[in-house]
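*Asks:* Predicted model and sequence below, questions to follow.
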Amino acid sequence: MIVFAFLTLALGPSVQADLVILQYHHVSDATPPSTSTSESLFEAQMEMLEDLELEVVPLLDGTQNALEEDAIRNSVALTFDDAYESVYSTAAPLLEARDYPYTVFVNTDAVGRPGYMTWNQLEELASREGVTLANHSTDHGHLARKPDEPEDQWQQRIEHSLDGAQKELQQRLGIDTPMFAYPYGEFDSALEDHLSDRGWYGYSQHSGPIGVYSSPTRLPRFPMANAYGQLGSLKNKLLSRAFPVDAGILPDGVIPSNPPILEFPLPERLSSDRLTCFASGMGRIEIETLEDGMIRVQAPEAFNSRRFRYNCTHPAGDGRFYWLSQPWLDLSQPED
Ligand SMILES: [Zn+2]
């Protein structure tokens, strides 16, 4: 028994590997800072991937491998939401020089508008080796069902937004990729069901890596805009490991009460003493261990924003961390 436990421990880190997805919008010094990564920071981030000898993989392959436990070491996928012009003019040449594959999530109604790529540019990108285009909805709407929205009206809106964009990418570019990035990272479990029905992966923007514990319709990505993508914290993100809790049992992101409660079981090999949890804008928050061994986390006061999250980490050995992120959505707050 002791030998078995030792072997499991020794083999643990090498048999499970995770995918870290970086999420970008603009790569530019001239666009809004909250959604932009400066060109120099972007180059430094790519340099760090190389220094850490991390393989940059296509998003679809990487996702499948991480979910199925086929990966043998951490890898990274690069994604760009909204198909902004700066991705075509600035990021694409830098990525091509490094032979890094990447994915652009396209909200189809915006294509050709000022600041966005044109259909010709997208067609050109799509023809390049290693570039994948995927669905980011037609209208970039807030797609979780609104509190006062009738069920049938919501269904129609979702079908238009999901299937309309998929169809347009198919008709214009011959692309039919089973991947969807939620606008604003907002989703509820009914929207997740729509993705499951279509056999699509759903990518959000709460942080954390993807591993065997992840749920295919609520896949995390690390936002990389200037405020979040600084090099000091990037290494921990790139080497992070998926928290060993089945994401399927985590609560729906739409909050029933404010501040919301997160409960999850802590695997026996982890210790609540070494678990650290944070809430958006509030720093570190208290952890409670319940009698049945469940962990209970609740921020000390109500949030006053539409989207926020709880992040929990636990040392995973070799200076690495298990990383759990729970996104929350308060539908009573105004849409942005
Ligand atoms: Zn977007």
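*Replies:* Sure thing, it's come through. Residues are numbered from 1 along each chain as shown.
*Asks:* and the residue of the stretch 1-150 of the chain at minimum distance from the ion, what is it in contact with?
*Replies:* Closest residue of the stretch 1-150 of the chain to the ion, CB to the ion: Asp81 (4.0 Å). The way it works is simple: take the backbone N, C-alpha and C, and place the C-beta from them, glycine included. Listed by CB atoms under 8 Å, 6 or more residues apart in numbering, the contact partners of Asp81 are 23-25, 105, 136, 181.
*Asks:* switch the cut-off to 6 Å
*Replies:* 25, 105, 136, 181 (CB atoms under 6 Å, 6 or more residues apart in numbering).
*Asks:* same check, this time on Glu192
*Replies:* Thr217.
*Asks:* quick revisit: quick check: bridge partners of the residue of the stretch 1-150 of the chain closest to the ion?
*Replies:* Beta-bridge partners recorded for Asp81 (DSSP bridges): Phe105.
*Asks:* What's the mean pLDDT across stretch 174-190?
*Replies:* Across stretch 174-190, pLDDT averages out at 97.
*Asks:* swap in stretch 259-269?
*Replies:* 95.
*Asks:* for the protein, what spans make up the helices?
*Replies:* For the chain, the helices defined by DSSP state H occupy 2-15, 39-51, 59-68, 85-86, 92-98, 119-126, 151-173, 189-198, 231-238.
*Asks:* Distance to the ion added to those helices, as TSV?
*Replies:* Below are the helices of the chain laid out as TSV (distance: least, CB to the ion, whole Å):
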stretch	distance to the ion
helix 2-15	34
helix 39-51	18
helix 59-68	15
helix 85-86	14
helix 92-98	18
helix 119-126	15
helix 151-173	12
helix 189-198	15
helix 231-238	20
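*Asks:* my guess is Leu219 contacts Ile210, does it?
*Replies:* Yes: with contacts counted by CB atoms under 6 Å, Leu219 reaches Ile210, the gap being 5.4 Å.
*Asks:* Excluding chain neighbours, what is closest to Val157?
*Replies:* Just so we're on the same page, residue 157 is Arg rather than Val. Of all residues not flanking Arg157 in the chain, Gly141 sits nearest, at 7.1 Å (CB to CB, 6 or more residues apart in numbering).
*Asks:* got the contact list for Gly253?
*Replies:* Gly253 is in contact with 327-329, counting by CB under 6 Å, 6+ apart.
*Asks:* could you pick out which of the residues you listed are near the ion?
*Replies:* Near the ion, taking CB under 5 Å from the ion as the test, no member of those is found.
*Asks:* follow-up on the earlier one: around the residue nearest to Arg157, how many other residues sit close by?
*Replies:* When neighbours are defined as other CB atoms under 10 Å, Gly141 has 18 of them.
*Asks:* Any idea how far apart the tips of stretch 294-308 sit?
*Replies:* End-to-end span of stretch 294-308 (CA to CA, to the nearest Å): 22 Å.
*Asks:* That stretch and the ion in contact?
*Replies:* No: using CB under 5 Å from the ion, we find that stretch 294-308 stays clear of the ion, coming within 12.8 Å at best.
*Asks:* tell me which residues in that stretch are buried?
*Replies:* 295, 297-299, 303, 306-308 (16 or more other CB atoms under 10 Å).
*Asks:* Same check on stretch 321-336?
*Replies:* So for stretch 321-336, counting by 16+ other CB under 10 Å, buried means 321-331.
*Asks:* how does this protein divide into domains?
*Replies:* As assigned by automatic domain parsing, the chain contains the domains 14-242, 248-329.
*Asks:* Tell me what the nearest residue to Gly229 once chain neighbours are set aside is bridged to.
*Replies:* Spatially, and ignoring its direct neighbours in sequence, Gly229 is nearest to Thr37 (5.6 Å; CB to CB, 6+ apart). Listed by DSSP bridges, the beta-bridge partners for Thr37 are Val27.
*Asks:* Test my guess that Thr37 contacts Pro223.
*Replies:* No: checked against CB under 6 Å, the pair Thr37 and Pro223 is beyond contact range at 9.6 Å.
*Asks:* Identify the residues contacting whichever residue of the stretch 201-336 of the chain sits closest to the ion.
*Replies:* Closest to the ion within the stretch 201-336 of the chain is Gln205: 8.7 Å, counting by CB to the ion. Gln205 is in contact with 23, 185, 221, 223, counting by CB under 6 Å, 6+ apart.
*Asks:* from those, which ones fall inside strands?
*Replies:* 23, 223 (DSSP state E).
*Asks:* so where is the chain shaky, pLDDT-wise?
*Replies:* For the chain, the stretches with pLDDT under 70 are 1-16, 70-72.
*Asks:* The same query, at a cut-off of 50, please.
*Replies:* Residues of the chain meeting the criterion pLDDT under 50: 1-15.
*Asks:* Pull the number of nearby residues for Gln171.
*Replies:* Neighbour number of Gln171 under other CB under 10 Å is 9.
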